[in-house]
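Colleague: structure of the sequence below:
(one chain, ligands or ions: 1)
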Amino acid sequence: MREIKAKRLHAIYFEALKRGTRTRAGCLLWSGAKNSKGYGQLRRRDTPTLYVHRLTWVVANGPIPTGLQVCHICDVRNCFAIEHLFLGTPKQNTADMIAKGRDSPIVPLFGLDHWKGKLADDQVRAIYMDHREGTQIAKELQVHPGVISGIRLGKTHTHLTASVKRLFCERLGPARGVVYL
Ligand SMILES: [Zn+2]
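Modeller: So this is what the prediction gives:
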């Protein structure tokens, strides 16, 4: 657990913003170093190495609750656009939750609705919260990857996903005092 004062964290974040490039899809791409998995890293002499997407989340919403991860709805790992980030559970937890029926399982689109090309409301919410690669989910559901990214980027089905996003932000509130990365 790393502790940094919120005020300093904000300063580091605004400095980091200068090293971001906005894309047409709304991503903010980190131009600095990346780790082996492609996540943007901020290396400074006076702090431990910081992940830019996590730094962004903490500055905007406050500490990351234990057991949750900061995930990308855009699937671009070196993106640190706040509107592209959400909290998710690690892979095992999600799989476990679905297996135990505590979450809406994502089921392939072979049903009466298939010809209409519609996703059930529960499927849309599950896609929005799913932290896996968009292409993987698209393959599983046998839909075009654009359907998945549309939901995650808030371009479609916003009447179903907006409340989910708000829930996280309202519960956490902005960073104050000492925060943990
Ligand atoms: Zn993005």
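
Colleague: tell me the contacts of residue 84?
Modeller: 26-28, 72-74, 76, 153 (C-beta atoms under 8 Å, 6 or more residues apart in numbering). C-betas here are computed from N, CA, C, even on glycine.

Colleague: lowest-confidence entry in those residues?
Modeller: Taken together, these show their lowest pLDDT at residue 153, with 78.

Colleague: isn't residue 16 up against residue 41?
Modeller: No. If you go by C-beta atoms under 8 Å, residue 16 and residue 41 don't touch, sitting 10.6 Å apart.

Colleague: for the chain, which residues are neighbours of the ion?
Modeller: Counting by C-beta under 5 Å from the ion, the chain comes close to the ion at 27, 74, 76, 79, 81, 84.

Colleague: now rank these by neighbours and give me the top one.
Modeller: residue 79 (24 neighbours; other C-beta atoms under 10 Å).

Colleague: strands of this protein, start to end?
Modeller: 3-5, 20-22, 28-30, 41-42, 50-51, 69-72, 85-88, 178-180 (DSSP state E).

Colleague: may I see the buried residues of the second one?
Modeller: Spelled out, that is strand 20-22. For strand 20-22, a neighbour-count test (16 or more other C-beta atoms under 10 Å) marks residue 20 as buried.

Colleague: circling back to that earlier point, quick one, which of the strands of the chain is nearest to residue 57?
Modeller: Set against residue 57 and scored by C-beta to C-beta, the strands of the chain come closest in strand 69-72, at 4.4 Å.

Colleague: that closest one pairs with which strands, parallel or anti?
Modeller: strand 85-88 (antiparallel) (DSSP bridges).
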